[in-house]
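>>> Quick one, what's the 3D model for this:
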Amino acid sequence: MEFRVLQYFLAVAREQSISGAAQALHLSQPTLSRQLKEMEEELGKQLFIRSNRKITLTPEGILLRSRAEEIVRLMEKTREEISVPDKAIAGTICIGAGESGSAHFLVRAAQALQKEHPGVHFHIHSGDKATITEQLDQGLMDFGLVFGEVDAFKYEAIPVPYSDRWGVLMRQDSPLAGLEQIRPQDLRGAPLILSRQEMSELKLTPWFGRKSGELNVVATYNLLFYGALMARQGMGYTLCLDGILDTPETSGLCFRPLFPPVEAKMNLIWRKNRPLTQAAELFRDKIEELA
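This is a model prediction of the structure:
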C-alpha cells in the first residue's frame, strides 16, 4: 500500500465524492477510481459504499481512515524534522496535554523557547492520559502533560511545579452553592459527573470513603467543556480541577473546593529510548530550567 494512495483514500473520505476528491487532487476520475479499486483488492475488503449522492465508508473504511490519518501525520512530522537545515533550530513540537492549570507553566516555557528560537513552533492537543500516552507511543507527540503515576519503564518524566485542586462545579442556584467547601457527606446520593480518567483511575474514591459502584454517577466527560455544559443544565455536580474554567457571575456556575483538600500533580513525559529533535531537547531543557 503506497503512501500517496492513502492520501487519495483520505481525500475521498473527506470529500465523500470521487469527482470532488479528483478535483482536489488534480487527478482524473478514472485514475482515482482505479487506484481505490486496487486498494480494496489488495486489502480484500470493501472500503466504500457508493451511491448516486455520496460515498460513505464501511466499518473497514472507517478503521483505515483512522490509521491513515495517523500515518500521514507521522510522515509529515518526520519529513519536517529531517528537512530542517543544518545548524537551524526549528520545527514543530507536538504536546498532548490534559486540562490543568499546569498548562500555564507549559505555555510559559514554550514562549521562552520561542523568543530564543523563532523557528520553533508548537502544536498542543488536549486530551486525557489514555489518549496522550497512546499518541506518544505512536510517535505522533513529542511530549505529554499528564496526571497521576508515570510508567517509569516506558517514559522519562519531569514533575511540574504546580498542584491542581479538586472541587465541584455546579449551578449558582444549586443547594450546595452556599457552602464554602464540599465534604464527602454533602455529595452522598447526589448526581455526579466525573471525568473519564477519574472513572478509570479512581483517585477520588478514598476521599468519598466509598466504592465507585456506590456513587451516583449520572454522566462522564472527556473535556471539561462538556462537564460544565451538563452542570449548567442541572444534570448534576461536576467534579473537576480548579483553574481550567472561569466561573464569572454571568456563567451561572460556581466552583467549590473539596475538603479535606485533594490535589493532583502533573508530569511532563516523553518516550524512553526515542531520540528527540534538537528543538524538543531544548524545550525539555527549558522545562527543567523553569521547574
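>>> now the chain, which segments are flagged as low pLDDT?
81, 83-88, 200, 202, 212 (pLDDT under 70).
>>> which stretches of the chain form helices?
3-15, 18-25, 29-43, 59-83, 103-116, 129-137, 196-201, 205-208, 224-232, 278-290 (DSSP state H).
>>> Out of those helices, which gets nearest to residue 96?
Ranking the helices of the chain by proximity to residue 96 (C-beta to C-beta) places helix 129-137 first, at 3.5 Å. All C-beta spots, glycine's among them, are computed from the backbone N, C-alpha and C.
>>> longest strand in the protein, by residue count?
strand 155-171 (DSSP state E).
>>> What is the neighbour count of the nearest residue in space to residue 204 that is not next to it in sequence?
Nearest residue to residue 204 in three dimensions, chain neighbours excluded: residue 198, at 6.1 Å (C-beta to C-beta, 6 or more residues apart in numbering). Residues contacting residue 198 under the criterion other C-beta atoms under 10 Å number 23.
>>> can I assume residue 198 is in contact with residue 239?
Yes: at 6.8 Å, residue 198 counts as touching residue 239 under the criterion of C-beta atoms under 8 Å.
>>> Give me the distance between the residue lying closest to residue 207 once chain neighbours are set aside and residue 54.
Of all residues not flanking residue 207 in the chain, residue 262 sits nearest, at 5.3 Å (C-beta to C-beta, 6+ apart). The gap separating residue 262 from residue 54 is 50 Å, by C-beta to C-beta, to the nearest Å.
>>> who has more neighbours, those two?
Using other C-beta under 10 Å, the more surrounded residue of residue 262 and residue 54 is residue 262, with 17 against 12.
>>> what's near enough to touch the more buried one?
165, 166, 203, 204, 207 (C-beta atoms under 8 Å, 6 or more residues apart in numbering).
>>> Only whichever of the residues you listed are buried, select them in ChimeraX.
In ChimeraX, this line selects whichever of the contacts of residue 262 come out buried by 16 or more other C-beta atoms under 10 Å:
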select :166,203,204,207
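>>> which among the contacts of residue 262 gets closest to residue 258?
residue 166 (5.0 Å).
>>> Find the nearest non-adjacent residue to that closest one, please.
That would be residue 262: by C-beta to C-beta, 6+ apart, it lies 4.2 Å from residue 166.
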